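Engineer: the following comprises the amino acid sequence and a computationally predicted model.
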Protein chains: 2
Amino acid sequence: MNLTLEDIGRLAGVSRSTVSRVINDQGSVSEDVRVRVREVIRSTGFSPNAAARSLVSNKSGVIGLVIPSRVRDLFEDPYFAKVIQGVSAASNNAGTTLSLFLFQTEAEEEHLYPRVVTSGLVDGVILTATRMGDPLLSRLASGSLPFVLIGRPETDGLNYVDVDNYDGARQAATHLCELGRRRIGLLGAPTSTTAGLDRLSGFVDGLATCGVTLDPVLRADGDFSEESGYTAMQRLIPHLPDAVFAGSDTMAMGALRALRESGLKVPHDVALVGFDGSTAAETSIPPLTTIRQPVDATARRAVEILNSLITGDVSGPISETLSVELVVRESCGAPEPHHAEGGLTGAR
Amino acid sequence: MNLTLEDIGRLAGVSRSTVSRVINDQGSVSEDVRVRVREVIRSTGFSPNAAARSLVSNKSGVIGLVIPSRVRDLFEDPYFAKVIQGVSAASNNAGTTLSLFLFQTEAEEEHLYPRVVTSGLVDGVILTATRMGDPLLSRLASGSLPFVLIGRPETDGLNYVDVDNYDGARQAATHLCELGRRRIGLLGAPTSTTAGLDRLSGFVDGLATCGVTLDPVLRADGDFSEESGYTAMQRLIPHLPDAVFAGSDTMAMGALRALRESGLKVPHDVALVGFDGSTAAETSIPPLTTIRQPVDATARRAVEILNSLITGDVSGPISETLSVELVVRESCGAPEPHHAEGGLTGAR
DNA sequence: TATGTTCCTGGGAGCGCTCCCAGAGAGCGC
DNA sequence: GCGCTCTCTGGGAGCGCTCCCAGGAACATA
C-alpha cells in the first residue's frame, strides 16, 4: 500500500539513496536514471513519508498560526478570517503546511501549548491578537522556537509585523478636522492591545495638530465587536459629537446602528470613520470612510520572516511596520469622495 | 537541548521503555517509578517527538481541513469562519492537531494535493464547500485516506454531515405563505452545490403546500456573496415580489441594501427571510428572520466521525443530517416575533 | 602499466519512538 | 527445595528517511 524509497528504487532498478537524491535534487545522478526514477514516482503517485523526513531533518515543514483564547467570540470580526487566509496563502506559497491553533479557553491554551512547542510538530509559529502581558508570549519568548507576531508587542526585541496604527488614526483625526468637525469622539479599540494604544495616541496627536483636544466624555472603548461599538456609541450620543472615529470597521457598524436608532444622520449629524478596510465598510449605509490596512501583506511578511528565521538566513529581531491608507467614502461627509476604491487587499 | 525518552529515563533512573510506558499509560509500571518519571517529565517540560512517534505508529495525530479554491473571494461569508472555528474546537477537544488547507487556485490544489494525502501528514481530512463534480472529491474517494464532507455530496456512499437544507427552505416558504404573502421570490444559492439544490426544492415544495408556485421571473441565483444578493435582488424588484427568501444571510444583506436603495420597506413592501443564522442577521435593519443552521454541531460531528473512521471504530459510509430552526425576527413581518433568540450555536 | 581524478552509485548508521520478547525478582503452593 | 505464575523492567529491532563514506567505472595523465 504505502510505498517507500526502497520500493521506488526497486521499481526503477536503483537504490534508496539514488531515489532520495533525485527527489531532493542534490548530489549527482545521471540523466537517464533521473528520468527513470521520476517516471516511477509519477506513475506510482509516491510522495515521501513526512514523519520519517522530519525525524531525520529535525524540520517538519509545518508552521503554526496561533490565535489565543480571547478571540473566540470576537471571531465575528472578519479581520481574523483575512489573517488566516493571508497566512495560509503565504504558507502555501512557501511550500509549508499550516497548522491552526485556535484556543477556545485559557485551560486549552495551557494544555495544548507544550505539545505544540516542544514536540517538533511545527518549525515556527505566527502569533496574533496578543494582549499586553500575554502568558503565551512570555513562554514563547523564553523558548527557542522561532516565532513572529502580527501586531507590535509591548516589549522590544521580538519579531513582529505591524501596520501603522498611529498614522492611520492620525490621518482619520486630521481628515475629520479638515472637514470642519470639532466635537470629535472616539470609539476606542481595547487599550489592552498595542493597536488600541497606538490608535488612541495617533488620534489624539492628529486632533492636536488641528488644535482640537479629545473631550473625555466623547471617548468610550470597545473590544472590536459590533455590539461594543453599538453600546459605546450610545454612551457618546448624549454628549453630541459631530464626528466619531471607531477603532474598527466592525465597531463602526455598531455605531452606525446606534446612530440610526437615535435618528441621527450620517454624515450630516455625525461623521464616521472606521479602521480596517473590510468589505462590510463598502456596502454599509452609507459606505464607510475607513483606514485600510494591508492584512494580506502583513500576513505574507510574517510568513516570510518566520521562514527566514527557521532556515537561519536571518537572526536578529526583525520588525516591520506597513503603511495604511485613508479610504474616503460617504460616512465622513467629504464633499467629493476621491474614489480610491479597490479590492480586498491593500498592497499587491 | 532537545530531550529524548532515553534522557528522561537516565534522569529518572529507568529505561527508555519504561518512560514510554508511563507516557502512554500502558503496560505495568510500579507506582513509585511512575511518579518519579512523571516528575522528571514535568520538570524538564519534555514532550515526545511527534515525528518519531508518527513514524512508528503510522498516525500523525493531525487532521486536515480542506477548503477548495472557489471559496477564495467568498471568504467574506462568515460561514466559513464558523466552520473553521467549529472544526478547530472539536479537534482540540479530540486531542488532534488541525492543519488548514485553503487552496487559492486550482493549480495550487493540484500541486499540493498529493503531498497532503500520500505523505502521511494527516490521518484524515474534512472537506467543505465541494461543488458538483469536484475533482478533489473524486480523487479522495479513490484513495484510502479517511475523509468526511461537510455538506451532502451528489454521489452516495461517502461520509458526510449536512444540515437539513430542504426542511429549512420549506419552513421559510410556508412561513411566508402563512403571513399572507403570495408573490414570493427566491434569491437562490448556487445550484452547483447540493445546498443550493436542496434549498431550491424545499422552497418550491413549501410553496406548493400553500398552493403557491414559484414564478420564474421571481427567481435569481447568486453565489452566497453580499454582492450577488444585491444584484439578484435588483433583478427581482421590477417584478414586484412581496416576499423573498435568500439563499444565505449574506445574500439577504445584499438584498436588504438593494431594497433600501429602491425605497422599498422591509417587511412592509417585501418580507425577507435569510438562511444561516449569522450574527449579522441579528443586527441588520430590520433584524433578519432566518433559518439557523447548527454550524458548530456540524463541525463537531464531522470531526467525531472522522476520528472514528481513523481509529477504525466504524467503517461503513456514515451520514448525518442535522435539523435547522426558523428564527423569527422583524424582516418577515410576523406580527409578534416569538423571540427564540440565542447565541451563535444551534445545538449544544 | 600505474596513478590520479571525476562522476556516479549503494549501503551502513542513526534520527526518537513503539512494540515485542526475554529475564529478573517476588510470592505462592506443593 | 522446586516449579509455577505474575509483575515489572530493559534492550533489540525496525518504522522510512537523510547523510556520509566507500568503492566501481571511466577517463586522463605520468
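Structural biologist: Ah, there it is. Numbering: from 1, shown residues only, chains lettered A, B, ... in the order given.
Engineer: chain A: strands as residue ranges?
Structural biologist: Taking DSSP state E to define them, one finds strands in chain A at A:62-67, A:97-102, A:124-128, A:147-150, A:160-163, A:184-188, A:219-221, A:243-246, A:271-276, A:289-292, A:319-322, A:325-327.
Engineer: how far off centre is the first one?
Structural biologist: Spelled out, that is strand A:62-67. If you compare the mean C-alpha spot of strand A:62-67 with that of the full chain, they lie 12 Å apart, counting by C-alpha atoms, centre = their mean, to the nearest Å.
Engineer: may I have the strands that pair with that strand, each with its orientation?
Structural biologist: Within its sheet, strand A:62-67 is paired with strand A:97-102 (parallel), strand A:124-128 (parallel), according to DSSP bridges.
Engineer: what sits up against the first one?
Structural biologist: By C-beta atoms under 8 Å, 6 or more residues apart in numbering or on different chains, the residues outside strand A:97-102 that reach it are A:61-67, A:71, A:84, A:87-88, A:91-92, A:112, A:116, A:121-122, B:62, B:65, B:84-85, B:88-89, B:92, B:97-102, B:116, B:121. (Each C-beta comes from the backbone N, C-alpha and C, glycine too.)
Engineer: what about the helix or strand of chain A with the lowest mean pLDDT, near DNA strand C?
Structural biologist: When each helix and strand of chain A is scored by mean pLDDT, DSSP states H and E, helix A:106-118 comes last, with a mean of 82. No. Under the criterion of C-beta under 7 Å from any atom of the strand, helix A:106-118 makes no contact with DNA strand C; the nearest approach is 9.5 Å.
Engineer: in that helix, what counts as buried?
Structural biologist: Along helix A:106-118, the positions that meet the burial threshold by neighbour count (16 or more other C-beta atoms under 10 Å in any protein chain shown) are A:108-109, A:112-113, A:115-118.
Engineer: re earlier: how about TSV for the strands of chain A, with mean pLDDT, mean neighbour count and distance to A:I23 added?
Structural biologist: As requested, the strands of chain A are exported to TSV (pLDDT from 0 to 100; neighbours: other C-beta atoms under 10 Å in any protein chain shown; distance: least, C-beta to C-beta, whole Å):
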stretch	mean pLDDT	mean neighbour count	distance to A:I23
strand A:62-67	95	24	19
strand A:97-102	94	24	18
strand A:124-128	95	23	24
strand A:147-150	97	25	29
strand A:160-163	98	24	33
strand A:184-188	98	28	54
strand A:219-221	98	20	55
strand A:243-246	98	32	53
strand A:271-276	98	30	44
strand A:289-292	98	28	43
strand A:319-322	97	16	35
strand A:325-327	97	21	45
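Engineer: CSV please, covering these and showing distance to DNA strand D.
Structural biologist: As requested, these are exported to CSV (distance: least, C-beta to the nearest atom of the strand, whole Å):
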stretch, distance to DNA strand D
strand A:62-67, 16
strand A:97-102, 16
strand A:124-128, 19
strand A:147-150, 24
strand A:160-163, 30
strand A:184-188, 51
strand A:219-221, 52
strand A:243-246, 51
strand A:271-276, 43
strand A:289-292, 43
strand A:319-322, 31
strand A:325-327, 44
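Engineer: so which of those strands is nearest B:A243?
Structural biologist: Between B:A243 and the strands of chain A, the shortest gap by C-beta to C-beta is with strand A:271-276, which sits at 32.5 Å.
Engineer: below-threshold pLDDT in chain A: ranges please.
Structural biologist: Filtered on pLDDT under 70, chain A yields the residue ranges A:1, A:69-75, A:336-348.
Engineer: ok, which residues in it are in contact with DNA strand C?
Structural biologist: So far as C-beta under 7 Å from any atom of the strand goes, chain A lies against DNA strand C at A:9, A:13-18, A:21, A:27-30, A:33, A:52, A:55-56.
Engineer: 6 Å - rerun?
Structural biologist: Residues of chain A found near DNA strand C (C-beta under 6 Å from any atom of the strand) are A:14-18, A:27-30, A:33, A:55-56.
Engineer: wait, what's in contact with the residue in the stretch 101-250 of chain A that DNA strand D sits nearest to?
Structural biologist: When distances are taken as C-beta to the nearest atom of the strand, the stretch 101-250 of chain A approaches DNA strand D most closely through A:G120, which lies 13.1 Å from it. Going by C-beta under 8 Å, 6+ apart, A:G120 touches A:54, A:58, A:60, B:2, B:49-51.
Engineer: cool, and A:S308?
Structural biologist: A:S308 neighbours (C-beta under 8 Å, 6+ apart): A:V314.
Engineer: of all the residues of chain A next to DNA strand C, which two lie farthest apart?
Structural biologist: Of all pairs in the residues of chain A next to DNA strand C, the most separated under C-beta to C-beta is A:S30 and A:L55 at 29.5 Å.
Engineer: who has more neighbours, the two?
Structural biologist: Remark: of A:S30 and A:L55, A:L55 carries more neighbours, 19 against 10, as counted by other C-beta atoms under 10 Å in any protein chain shown.
Engineer: how many neighbours does the closest residue to A:L326 other than its chain neighbours have?
Structural biologist: For A:L326, ignoring the flanking residues on the chain, the nearest one in space by C-beta to C-beta, 6 or more residues apart in numbering or on different chains is A:Q171 at 4.8 Å. The burial metric for A:Q171, expressed as a neighbour count using other C-beta under 10 Å, is 19.
Engineer: counting neighbours, which bits of stretch A:197-207 end up buried?
Structural biologist: When burial is assessed from 16+ other C-beta under 10 Å, stretch A:197-207 yields the following buried residues: A:197-200, A:202-204, A:206-207.
Engineer: quick one on the thing from earlier: adding distance to DNA strand D, write the buried residues of helix A:106-118 out as CSV.
Structural biologist: Listed next are the buried residues of helix A:106-118 as CSV, based on distance: C-beta to the nearest atom of the strand, whole Å:
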residue, distance to DNA strand D
A:E108, 30
A:E109, 31
A:L112, 25
A:Y113, 27
A:R115, 20
A:V116, 22
A:V117, 22
A:T118, 20
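Engineer: check the gap between the residue in the stretch 201-348 of chain A that DNA strand C sits nearest to and chain B for me.
Structural biologist: Of the stretch 201-348 of chain A, the residue with the smallest distance to DNA strand C, taken as C-beta to the nearest atom of the strand, is A:I310 at 17.8 Å. A:I310 sits at a distance of 15 Å from chain B (criterion: C-beta to the nearest C-beta, to the nearest Å).
Engineer: list the contacts of that residue.
Structural biologist: Contacts were defined as C-beta under 8 Å, 6+ apart; by that measure A:I310 touches A:59, A:63, A:123-124, A:146.
Engineer: now do the contacts for the nearest residue to A:Q293 once chain neighbours are set aside.
Structural biologist: Excluding the flanking residues, the one nearest A:Q293 by C-beta to C-beta, 6+ apart is A:V163, at 4.3 Å. Listed by C-beta under 8 Å, 6+ apart, the contact partners of A:V163 are A:293-294, A:298, A:321-324.
Engineer: mark which of those residues are buried, thanks.
Structural biologist: For the contacts of A:V163, a burial check counting by 16+ other C-beta under 10 Å picks out A:293-294, A:298, A:321-322, A:324.
Engineer: before we move on, the earlier item: wait, the residue nearest to A:L326 sits on A:F203?
Structural biologist: No. With the criterion set as C-beta atoms under 8 Å, A:Q171 and A:F203 do not qualify as a contacting pair; they are 9.7 Å apart.
Engineer: so where do the helices sit in the stretch 51-200 of chain A?
Structural biologist: A:78-94, A:106-118, A:135-142, A:165-178, A:194-209 (DSSP state H, counting those that start in this stretch).
Engineer: need those helices in JSON lines (columns: distance to A:E282).
Structural biologist: As requested, the helices of the stretch 51-200 of chain A are exported to JSON lines (distance: least, C-beta to C-beta, whole Å):
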{"stretch": "helix A:78-94", "distance to A:E282": "12"}
{"stretch": "helix A:106-118", "distance to A:E282": "35"}
{"stretch": "helix A:135-142", "distance to A:E282": "34"}
{"stretch": "helix A:165-178", "distance to A:E282": "17"}
{"stretch": "helix A:194-209", "distance to A:E282": "21"}
